[in-house]
Each structure stands twice: as structure tokens, then as C-alpha cells.
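Asks: what follows is a predicted protein model with its sequence.
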Amino acid sequence: MKHFLLLLKGKTELDYSPEELQKRMEEYRQWAEELGDLVLQDNRLERTGVMIEQKGVVKTDGPFLETKEIIAGFIIIQAESLDRATRISEDSPLLKYFQIIIRPMVMPI
């Protein structure tokens, strides 16, 4: 099995009220439970960060750090192929809130 990184990229500004966050988390938990051992790791990220283009060029806002473009979190899954990882991602309830970017991970040699 290969490992895939699913990046959750915000589609629009989300309602981060405790009630809405709880609702999204419950939907995610149900989906992750159905996948069982295919979900290896996941984590929500803070809404702030920086992007370094080169030494001394640090951006805290711009084309990739605007709120609408922020990476909200990640999930690492295992699947037989990129096609299977795509099908798994298409069933995620998080797709209502986020774009999901799927990248195969290169395993250490």
C-alpha cells in the first residue's frame, strides 16, 4: 500500500463557531471510522502561518496565505493507488467545506 497526503484547502471562509466545528468534526469522525486502518494520521492546522520564498523573503499574507487559500489541515491515508485515494477522498464529508489536494508520498529508502 502507498501513502497519500490529503491537504484540506479552504474553499471559502468557514464558520468556526464551536457548534459548526463540532458538526464538521463529527462528520469527519464517522467517515474516518468507516475507513478504519486506511487513515494513518490527521491534524487540523492553525489559521496563521508564513511562506518562505528564499532567505529573507518571508510572507505572512499574499497569494498563498490569504484566508481563502489557507491549508486547514491534512490527512494521511494508505491506498493501493492514486485512483483509489481519489475515490476515498470523494466520499469525504469534508469535501463540502474544503478542496482536497491528494499527493502520493515518497517513502524513505
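Replies: Nice, I can see it.

Asks: which helix in this protein has the most residues?
Replies: The longest helix of the chain (DSSP state H) is helix 18-35.

Asks: what's the following helix or strand after it?
Replies: strand 39-44 (DSSP states H and E).

Asks: now the angle between helix 18-35 and that next one, please.
Replies: On the basis of axes from the mean of the first three to the mean of the last three CA atoms, to 10 degrees, strand 39-44 is oriented at 170 degrees to helix 18-35.

Asks: what mean pLDDT does the helix or strand following strand 39-44 get?
Replies: Downstream of strand 39-44, the first helix or strand assigned by DSSP H and E is strand 51-54. For strand 51-54, mean pLDDT is 73.

Asks: chain center to strand 51-54, what's the gap?
Replies: Its chain's C-alpha centre and that of strand 51-54 lie 21 Å apart, by CA atoms, centre = their mean, to the nearest Å.

Asks: cool, and stretch 90-98?
Replies: That offset, for stretch 90-98, works out to 10 Å (CA atoms, centre = their mean).

Asks: and Glu34, how far from Lys55?
Replies: 45 Å (CB to CB, to the nearest Å). Glycine gets a C-beta too; all of them are placed from N, C-alpha and C.

Asks: these two - which one has more neighbours?
Replies: With neighbours defined as other CB atoms under 10 Å, Glu34 and Lys55 compare such that Glu34 has more, 11 against 6.

Asks: flag the shaky bits of this protein, pLDDT-wise.
Replies: Judged by pLDDT under 70, the chain has its weakly predicted residues at 14-15, 58-69.

Asks: most distant residue from the centre of it?
Replies: No residue in the chain sits farther from the centre than Gly56, which is 28.2 Å out by CA atoms, centre = their mean.
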